[in-house]
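**Q** structural data only, the sequence is not supplied:
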Ligand SMILES: O=C(O)COP(=O)(O)O
């Protein structure tokens, strides 16, 4: 039997590397206020993040997760969101425990790493830079880098190709059903973090991810596996 040892590790951003829900809630609520609409709670935002900013804003306008069509004010609310989120991008957002340590250990193993997020590209690099994480990632794929976003597999396949590693030789680390479905469709093994914004827990209950691990625990396992590999 050959051990699976990933040649690259790809990471989701919101809910996996960074808890961005408080600042996303602030930006959404400032946008709703501009339109004279009532605010949402942070708990609602946590359940509605994961399919890109536009879907979050549309869900906030509709007041529910499941929506058949975008509410009429979505375009105006999105323009306001882009304005407001710039102002509060890193007020309360924080890196999850174990992330910096884990990324540093993977960097020391010379593991190529990428971020694959549904967040608009205008916010991805500024957020990573403000939190000191950008240095770890050779490749960043955002929600608007391609014409499609997760759960479509294309962003993961694009990131793996940019790193020069086959999808099946890469590992994706995420928190949501969109992450799980994108990884599955890309033929990429997935590790789920034990926190984040799963959104629809029922989906995970039916089809669990491969493993649930914090980023530091994942890095420690890969370091141990690598040492075993080298010893053979
Ligand atoms: O903007 C979002 O929906 C969050 O994006 P992510 O969880 O893919 O990082």
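**A** Good, I have the coordinates. Keep in mind it's a predicted model, so treat the numbers as computed, not measured.
**Q** spell out which residues of this structure are next to the ligand.
**A** Contact residues (C-beta under 6 Å from any ligand atom) of the chain with the ligand: 12-15, 49-53, 56, 117-119, 150, 176. All C-beta atoms are positioned from the backbone trio N, CA, C, and that covers glycine.
**Q** could you rerun that using 5 Å?
**A** Residues of the chain lying near the ligand by C-beta under 5 Å from any ligand atom: 12, 13, 14, 49, 50, 52, 117, 118, 119.
**Q** am I right that the third one is in contact with residue 117?
**A** Yes - the pair residue 14 and residue 117 qualifies as a contact (C-beta atoms under 8 Å) at a distance of 6.5 Å.
**Q** tell me which of the two has more neighbours.
**A** Counted by other C-beta atoms under 10 Å, residue 14 and residue 117 do not tie: residue 117 has more neighbours, with 32 against 26.
**Q** out of the residues of the chain next to the ligand, who's the most crowded?
**A** Ranked by the number of neighbours (other C-beta under 10 Å), those place residue 117 first, at 32 neighbours.
**Q** relative to residue 74, how far out is the closest residue to that residue other than its chain neighbours?
**A** Closest residue to residue 117 apart from its sequence neighbours, by C-beta to C-beta, 6 or more residues apart in numbering: residue 13 at 3.7 Å. Noted for residue 13: a distance of 23 Å to residue 74, by C-beta to C-beta, to the nearest Å.
**Q** pLDDT score assigned to residue 210?
**A** At residue 210, the predicted lDDT confidence score is 68.
**Q** among the residues of the chain next to the ligand, which are located in helices?
**A** The subset of the residues of the chain next to the ligand located in helices under the criterion DSSP state H is empty.
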